[in-house]
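J.: predicted structure and sequence below. I'll ask about it afterward.
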Amino acid sequence: MVFSASPLAPGSVITVLGPIPYQELGITDTHNHVWIDLVPGADPSAPVLNQFDSILCELEDFKTRGGGSILDCQPEGCGRNGLQLRELASRSGVNLIACTGFHRKKYYPADHRMFTIRAQKVFDFINSEFEQGLYETLENENPVKAGFIKIALENTWAECPMAAIEGAAMAALHKKCVIQIHTEKGALAEKAILYFTEIGVQPSQIVMCHMDKRPDTGLHKELARLGILLEYDTFYRPKYKPEDNLWPLIDFMVRNQLSSNVALATDMAEKELYRHIGGGAGLSSLPGEIRTRLLSKGYPNKDIEMMLGGNIARRLAGIP
């Protein structure tokens, strides 16, 4: 996989501190939000996570409990801050991987350029964040580079920003990189997968986010067999009934030998979910109590290792 003019060693993953071998990622939270600046003009409900010392404590806890890496899913323009991510990674020892792309429209000012420019311009921008560096870090002596693409679907296909989606698809095809696709409770998953694969994006590049909010085992089985990576993250969201939906879904995937298509995460965009900010479960819950429960269920260690980082690590490194 190539992210710059100079080819990287096979199996490298781009973190905010530079490339590392994919084997060094360790336990990995596939979908989270480590830093979110306040965005003037965005929806008032847009989350903000900018308490540096508390976030650093969270990352240190994550590291202490055995965590290795986190994919930060906040793209440019809706609160991403690559310089803060780099400082947090440097001080905590956690591998942070930044994204390029776009989030839901409500998280931006109404006139944000990502939703007004043509697909080619979207492609150019995303590609530049891989090759030159994240937009907000370009004036820094060592710009931070993106490690994957994250985009977001709206409630209906008609509401989705099609030029932005097309540009992101072109970039994913060009870079042969991972693209995480936010779904609204799993909606539009089939349509999005068809769209991207018809353009030429490989199923092994695609991560469908929040799919445990749509716990249709037949659908998950078919998408896994296609080669899609399914991301589950509602462990600490009671309204989605994780005991009735998420945990039985994991059981189903492991029993059916589909764990190689599952990636676990905690998606803690809201400050209430952070232990040092809002008294929630905190980032350390993935390598901590979630891993402990997976072990208590008697799953093979290989399945646990794949779901807790092995699957996303290989795909970030371009290994199907």
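T.: Good, I have the coordinates.
J.: CA atoms for contacts and neighbours, from now on please.
T.: Noted.
J.: distance of the nearest residue to A168 once chain neighbours are set aside from K185?
T.: Counting by CA to CA, 6 or more residues apart in numbering, A168 lies nearest to F123, which is 5.9 Å off, once chain neighbours are set aside. Here the distance between F123 and K185 works out to 27 Å (CA to CA, to the nearest Å).
J.: so what touches stretch 71-87?
T.: Residues from elsewhere that reach stretch 71-87 (CA atoms under 8 Å, 6 or more residues apart in numbering): 16-17, 28-39, 42, 48, 96-103, 107-108, 112, 134-137, 144, 150.
J.: for it, C-alpha coordinates in CSV please.
T.: C-alpha atoms of stretch 71-87 as CSV (Å, rounded to 0.1, in the frame of the first residue of the first chain):
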residue,chain,number,x,y,z
LEU,A,71,-8.5,4.7,14.7
ASP,A,72,-9.7,8.3,15.1
CYS,A,73,-12.8,8.7,12.9
GLN,A,74,-13.1,12.5,12.9
PRO,A,75,-12.4,13.9,9.4
GLU,A,76,-11.2,17.5,8.5
GLY,A,77,-13.7,20.3,9.0
CYS,A,78,-15.8,18.8,11.8
GLY,A,79,-13.3,19.0,14.7
ARG,A,80,-10.3,17.0,13.7
ASN,A,81,-7.0,18.3,15.0
GLY,A,82,-4.0,16.3,13.7
LEU,A,83,-1.5,18.2,15.9
GLN,A,84,-3.4,17.3,19.1
LEU,A,85,-3.6,13.7,18.0
ARG,A,86,0.1,13.6,17.4
GLU,A,87,0.9,15.1,20.8
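J.: so which bits of that stretch are buried?
T.: 71-86 (16 or more other CA atoms under 10 Å).
J.: now, those that are in helices?
T.: Members of the buried residues of stretch 71-87 lying in helices (criterion: DSSP state H): G82, L83, Q84, L85, R86.
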